[in-house]
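Colleague: with the input below, show me the fold.
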Amino acid sequence: MSHRSKKRASGFSLLEMVISMALGTIVLGAAVQLYSQGVAATWTVSQRAEMQQDFRAASDMLTHDLSLAGAGLGNSVAIALPSTVNPIYGCDQTGTCYINGGSLPYPKQGATPYLYGLIPGLNDGPQINNPPGATDVVTVVYTDNTFYLNCYAATVTALGVVTFAPVVTTPATPFPPTGCLPNGVAAPQGVNDTVAGLTAGDLVLMNLNGTSVIGEVTGTPTVTGANTYRVPFANLDVLHMNQTPAGGGLNSVGVGATGTNPTRILVITYYIDKTVTPPRLMRQESGHSPIPVAENVVYMKFSYDLYNDATNLPAPNQADGGASLGLLPDQITKINILHMAMDSTLKGAKGGFQGLDLETSVSARDLTYNNAYPIN
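Modeller: Numbers count the residues shown, from 1 in each chain. Below is the predicted model:
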């Protein structure tokens, strides 16, 4: 005869279930917290790596150009520009001007504007955030040593036209003349070369009949003979370099004026563009359209070290390039990048941005410099 067991099968009690659910919730919460921290850390690392790469590329380009300020133009370069209509920079061949929605004039000595190897632009850029306030602009000028225009002679053959042709002497010299090319280069590029040649918006420095003038190319060079090119430098150019005969620019030089060793100069301006989101650091060359260098650059500030030739004393950290002290840009000896600040592209898990700020100094090799040691 069988007997039925009187022991009842039992599961979790309500108390046990509540405790297990609480423990499970704690464990799950900890796992979610660890996962969130891992995602945030991964975001931080990836954003910082991307930002550092962009920042390094932008800072390398900026410091490279700053180090070349004045190169090929000689120490303490100051080239007088036309004064009837002030020459400008910051515009391209469409007539669009980009620096804080406009253009900038060249600095003046009295009533005459001058081109220098370095041109400060205190507070000439837009304000991105407040604080810290308005951003700076900086412009450097140096010769293009990759285009061998110096192998040609320049002659004004008509108003607004310069012909570049082989140098002719008696007896005639070979083309190219000796000494105009670096070692290993057999011939200069054509003035109409599609890669290196002159295009509308280029600036050319010429010494015509003993006068240094800068002209803006306004069209495409045309071939008129063997190694001979006709280049337009028409009046009413965008950057106001050519001007009319009464303006004192290139077109005030008489027809027939000639000179050797012309050279293309690069007028390169760095500024922040806030017309797009996010704001970008831009680089504009002469009268060509600007190109973006890096996104999310939100602040840029410079100061300049100068040497006062009159007092034989240095003037360090001048935000305005020494203008308030009566000093000129050709007395600058060093450029101090006080800030070039960049934010990350995306916000983090907690809503914040990553940020980097460059602070360094650049001694341009061709700016004026004077060591003054006391002598007992």
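
Colleague: in stretch 207-214, what counts as buried?
Modeller: For stretch 207-214, the neighbour count (16 or more other Cβ atoms under 10 Å) marks Asn207, Leu208, Val213, Ile214 as buried. In short, each C-beta sits where N, CA and C put it, glycine included.

Colleague: oh, that last question was meant for stretch 183-197, not what I typed.
Modeller: Going by neighbour count (16+ other Cβ under 10 Å), the buried part of stretch 183-197 is Pro188, Gln189, Gly190, Val191, Asn192, Ala196, Gly197.

Colleague: and the last one, what's its pLDDT?
Modeller: Okay, so that is Gly197. pLDDT recorded at Gly197 is 97.

Colleague: try the second one
Modeller: Each residue has a pLDDT score; the one for Gln189 is 95.

Colleague: if we ignore the residues flanking it in sequence, what's nearest it?
Modeller: Spatially, and ignoring its direct neighbours in sequence, Gln189 is nearest to Ala196 (4.5 Å; Cβ to Cβ, 6 or more residues apart in numbering).

Colleague: contacting residues around that neighbour?
Modeller: Going by Cβ atoms under 8 Å, 6 or more residues apart in numbering, Ala196 touches Thr146, Phe147, Gln189.

Colleague: tell me how far the nearest residue to the first one once chain neighbours are set aside lies from Leu328.
Modeller: To tie it back to what came earlier, the one meant is Thr146. Leaving aside its sequence neighbours, Thr146 sits nearest to Ala196 (Cβ to Cβ, 6+ apart; 6.5 Å). Ala196 is 33 Å from Leu328, where distance means Cβ to Cβ, to the nearest Å.

Colleague: how about Cys180?
Modeller: Distance from Cys180 to Leu328, by Cβ to Cβ: 32 Å.

Colleague: Gly322 contacts Leu306, correct?
Modeller: Yes - using Cβ atoms under 8 Å, Gly322 is in contact with Leu306, at 4.4 Å.

Colleague: and the residue nearest to Ala294 when sequence neighbours are not counted, what element?
Modeller: Distances taken as Cβ to Cβ, 6+ apart put Ala58 closest to Ala294, at 3.7 Å, once the chain neighbours are dropped. Assigned by DSSP states H and E, Ala58 belongs to helix 14-67.

Colleague: how far away from the center of its chain is that helix?
Modeller: 35 Å (Cα atoms, centre = their mean, to the nearest Å).

Colleague: kindly report the same for stretch 230-248.
Modeller: The answer for stretch 230-248 is 25 Å, by Cα atoms, centre = their mean.

Colleague: just the endpoints, please. Distance across it?
Modeller: 22 Å (Cα to Cα, to the nearest Å).

Colleague: check which residues of it are buried.
Modeller: Neighbour counts using 16+ other Cβ under 10 Å place 230-235, 237-244, 247-248 of stretch 230-248 among the buried residues.

Colleague: over to stretch 136-151?
Modeller: By neighbour count on 16+ other Cβ under 10 Å, the buried set for stretch 136-151 is 136-144, 147-151.

Colleague: in the stretch 101-250 of the chain, which spans are strands?
Modeller: Along the stretch 101-250 of the chain, counting by DSSP state E, counting those that start in this stretch, strands occupy 104-105, 108-109, 112-116, 118-121, 137-143, 152-158, 161-166, 203-208, 211-216, 222-225, 228-232.

Colleague: export the ones you listed to JSON lines and tack on distance to Glu50 and mean pLDDT?
Modeller: Formatted as JSON lines, the strands of the stretch 101-250 of the chain follow (distance: least, Cβ to Cβ, whole Å; pLDDT from 0 to 100):
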{"stretch": "strand 104-105", "distance to Glu50": "32", "mean pLDDT": "96"}
{"stretch": "strand 108-109", "distance to Glu50": "43", "mean pLDDT": "92"}
{"stretch": "strand 112-116", "distance to Glu50": "37", "mean pLDDT": "93"}
{"stretch": "strand 118-121", "distance to Glu50": "29", "mean pLDDT": "96"}
{"stretch": "strand 137-143", "distance to Glu50": "25", "mean pLDDT": "96"}
{"stretch": "strand 152-158", "distance to Glu50": "45", "mean pLDDT": "95"}
{"stretch": "strand 161-166", "distance to Glu50": "45", "mean pLDDT": "95"}
{"stretch": "strand 203-208", "distance to Glu50": "36", "mean pLDDT": "95"}
{"stretch": "strand 211-216", "distance to Glu50": "39", "mean pLDDT": "93"}
{"stretch": "strand 222-225", "distance to Glu50": "46", "mean pLDDT": "95"}
{"stretch": "strand 228-232", "distance to Glu50": "43", "mean pLDDT": "97"}
